[in-house]
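In: no FASTA, just this:
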């Protein structure tokens, strides 16, 4: 297992997508922070409830602010990376190289999953570090005192984002293994998360005055949103409590992550490599 | 005493879901230390058979034992190096980094990477990205990857595919060198000259069936004598009497005689003595190509 993880890490650290995704996540965080900063300083006459308070951009709120910056673009990036990570090995013919070395298929897949999860963790850290730096920049320009949230809140936030990225990435991974190529897998993943799931949830919620809303609450996107919304404070002005508790969202997302990895492992174990 | 067979299959069969019978009841045995040529036209089932031997695809029925283990088992894979179809490496990594990745997975020491690069003469270009390699360099890196484990059995699927004549000659030399000593090489190819030059024994597969398995010498058969004479019927009659009907066959006005060429003087004397004009009399040896086309039912020159 250690050998497999070493091998996967050796590949990942030179992979262009590794650097591009980190840069993209950092860039998006900077962009979202910058836009919110501008909007907070230049409220239009028509802006009422949608105002961004400058208070949300200071370091003491950066965990909550970063949650908003991470989705849905971060989720889409995670799916794309998952599809690329799993699918490109079919296109390059490298899967047969991996499967004809010493470790068994499940060991190889477990090692790959560990490295992918680590990658998602790195992206979560990049997101938080960038968010923290931006909050310091905003606070410095606004001559506001720099105070940080409690370390446990920061860790919880990083953990929540990591879980969300890992599960969204697992969708891409499973699709990459199922479809056996990256392009179609990432296309299918993006369409699912950005369109199919939204339509499905709305449809389910509309049946019988929401009698089947509990089914809609089992979808990945709903739980990711609920988890992100659980990180909020009065300065964000949100008053509606999410329909799914943070604890429940964590459990559902963890179940998705494990389930998708097992399905992908089963497909890899049983199918021929042609 | 250790088993002398390193690859053994019994009724190995692969039928795809679409109904295509890719490999049909193949009984194949490869002995330790030999260079075994697996011959067959394109689409005959060579690659499918080799994929089954390394565990990439599962047989529909039949069994196989490779290096004493079931195909695809970690214990067996640890003793097998393989290059199946095209080399599978990461285009964004250098040749050396690709081998390091494989070495980690194979449980080989990192210093082995430089040794195998030296063996395939790629050391000077090992720092270049795999995506920029020529076909020949890619194939050589593929062989280097297969050698990382210092395997007992090396399975090479069409290693000269896509190479120019110079590259093919270099690859043949490399395989010959690798096949020295105790290592077994199982080499698939549709290039007959290549197999004839390199291999100790050959298996010929056609339409998914193994139609022959023997040494190259046995496959080609004994040498013979070719006679062009006039009248041909009278000559055939005399030769039938001399060597028996089974040794005589006629084709395109020529008489093929399955006998040692040292009898040429006697043949000439008998025919001329009987008033038959002999315009051509020469030793004859079937080429592997002729045997191959005969066994596979393919047409020469098609």
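Out: On my side now, so go ahead. What you see is a predicted model, and the numbers here were worked out from it, not measured in a lab.
In: tell me the contacts of residue A:120?
Out: Contacts were defined as CB atoms under 8 Å, 6 or more residues apart in numbering or on different chains; by that measure residue A:120 touches A:78, A:81, A:162, A:165-166, A:169. C-beta: built from backbone N, CA, C; applies to glycine.
In: Within the helices and strands, which one has it?
Out: When secondary structure is defined using DSSP states H and E, the element that contains residue A:120 is helix A:105-141.
In: Would you mark the buried spots in that helix?
Out: Judged by neighbour count using 16 or more other CB atoms under 10 Å in any protein chain shown, the buried positions of helix A:105-141 are A:105, A:107-113, A:115-124, A:126-128, A:130-139.
In: Equivalent analysis for stretch B:86-100, please.
Out: For stretch B:86-100, the neighbour count (16+ other CB under 10 Å) marks B:86-90, B:92-100 as buried.
In: re earlier: what's the farthest-apart pair in the contacts of residue A:120?
Out: Distance extremes for these: the farthest pair is A:81 and A:162 at 13.5 Å, using CB to CB.
In: So for these two, which sits in the more crowded spot?
Out: Here residue A:81 and residue A:162 are set side by side on neighbour count (other CB atoms under 10 Å in any protein chain shown), and the busier one is residue A:81, at 27 against 20.
In: Which residues are in contact with the more buried one?
Out: Applying CB under 8 Å, 6+ apart, we find residue A:81 in contact with A:17, A:21, A:119-120, A:169, A:172.
In: Would you mind giving those as a markdown table with pLDDT added?
Out: As requested, these are exported to a markdown table (pLDDT from 0 to 100):
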| residue | pLDDT |
| --- | --- |
| A:17 | 86 |
| A:21 | 89 |
| A:119 | 92 |
| A:120 | 93 |
| A:169 | 93 |
| A:172 | 94 |
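In: Let me know the closest of those residues to chain B.
Out: Distance to chain B across those (CB to the nearest CB) is lowest for residue A:17, with 9.3 Å.
In: Which strand or helix spans the closest one?
Out: helix A:16-41.
In: Return the list of helices and strands in contact with whatever helix or strand comes next after that helix.
Out: Tracing the chain C-terminally past helix A:16-41 and defining elements by DSSP H and E, one meets helix A:62-70 next. Applying 3 or more CB pairs under 8 Å, 6 or more residues apart in numbering or on different chains; DSSP states H and E, we find helix A:62-70 packed against helix A:16-41, helix A:105-141, helix A:151-179, helix A:220-229.
In: Format those as CSV; extra columns: distance to residue A:273.
Out: Supplementary listing: the helices and strands packed on helix A:62-70 in CSV, determined by distance: least, CB to CB, whole Å:
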stretch, distance to residue A:273
helix A:16-41, 23
helix A:105-141, 9
helix A:151-179, 11
helix A:220-229, 29
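In: How about the residues of chain A by chain B?
Out: Counting by CB under 8 Å from any CB of the partner chain, the residues of chain A close to chain B are A:3-4, A:6-7, A:10-11, A:14-16, A:92-104, A:107-108, A:272-274.
In: Wait, residue A:18 touches residue A:10, no?
Out: No: if you go by CB atoms under 8 Å, residue A:18 and residue A:10 don't touch, sitting 11.8 Å apart.
In: For the closest residue to chain B within the stretch 151-274 of chain A, which residues are in contact?
Out: The shortest separation between the stretch 151-274 of chain A and chain B is 3.8 Å, found at residue A:272 (distances taken as CB to the nearest CB). When contacts are counted by CB under 8 Å, 6+ apart, residue A:272 is found next to B:51, B:56-58.
In: hmm, try it at 7 Å
Out: With contacts taken as CB atoms under 7 Å, 6 or more residues apart in numbering or on different chains, residue A:272 has the following neighbours: B:56-58.
In: for residue A:1, same thing?
Out: If a contact means CB under 7 Å, 6+ apart, then residue A:1 has A:107, A:110-111 as its contacts.
In: quick one: low-confidence ranges for the chain?
Out: Here I'm looking at chain A. Across chain A, the ranges flagged by pLDDT under 70 are A:44-51, A:232-242.
In: Please refer instead to chain B.
Out: Low-confidence segments of chain B, defined by pLDDT under 70, span residues B:1-3, B:222, B:298-302.
In: try 80
Out: Filtered on pLDDT under 80, chain B yields the residue ranges B:1-3, B:18, B:162-164, B:167, B:179-181, B:190-194, B:217, B:219-223, B:251-252, B:284-302.
In: What are the boundaries of the helices in chain B?
Out: Taking DSSP state H as the criterion, chain B contains helices spanning B:46-53, B:74-77, B:95-106, B:111-119, B:135-147, B:165-178, B:192-198, B:216-220, B:232-243, B:264-273, B:288-296.
In: Check the offset of stretch B:113-129 from the chain's centre.
Out: Averaging C-alpha coordinates over stretch B:113-129 and over its chain gives two centres that are 27 Å apart (CA atoms, centre = their mean, to the nearest Å).
In: Tell me if it is near chain A.
Out: No: where contact is defined by CB under 7 Å from any CB of the partner chain, no part of stretch B:113-129 touches chain A; the two come within 9.8 Å at best.
In: For that stretch, list every residue counted as buried.
Out: By 16+ other CB under 10 Å, the buried positions in stretch B:113-129 come out as B:113, B:116-117, B:119-120, B:122, B:125-126, B:129.
In: now, among these, which is nearest to residue A:248?
Out: Closest to residue A:248, out of all of the buried residues of stretch B:113-129 and judged by CB to CB, is residue B:129, at 47.3 Å.
In: Which residue comes closest to that closest one once chain neighbours are left out?
Out: Spatial nearest neighbour of residue B:129, excluding adjacent residues (CB to CB, 6 or more residues apart in numbering or on different chains): residue B:94 at 5.6 Å.
In: My guess is residue B:14 contacts residue B:24. True?
Out: No: under the criterion of CB atoms under 7 Å, residue B:14 makes no contact with residue B:24, lying 8.5 Å away.
In: In contact with the residue nearest to residue A:215 when sequence neighbours are not counted, which residues?
Out: Leaving out its chain neighbours, the residue that sits closest to residue A:215 by CB to CB, 6+ apart is residue A:204, at 5.2 Å. For residue A:204, the contacting residues are A:212, A:215-216, taking CB under 7 Å, 6+ apart as the criterion.
In: Do me a favour and get the backbone dihedrals for residue A:204.
Out: phi -60, psi -40 (degrees, to the nearest 10).
In: From residue A:218, how far off is it?
Out: When distances are taken as CB to CB, to the nearest Å, residue A:204 and residue A:218 turn out to be 10 Å apart.
In: One more: residue A:77?
Out: In this structure, residue A:77 and residue A:218 are separated by 24 Å, where distance is defined by CB to CB.
In: More neighbours: which of these two?
Out: Under the neighbour definition other CB under 10 Å, residue A:77 and residue A:218 were set side by side, and residue A:77 has more, 23 against 15.
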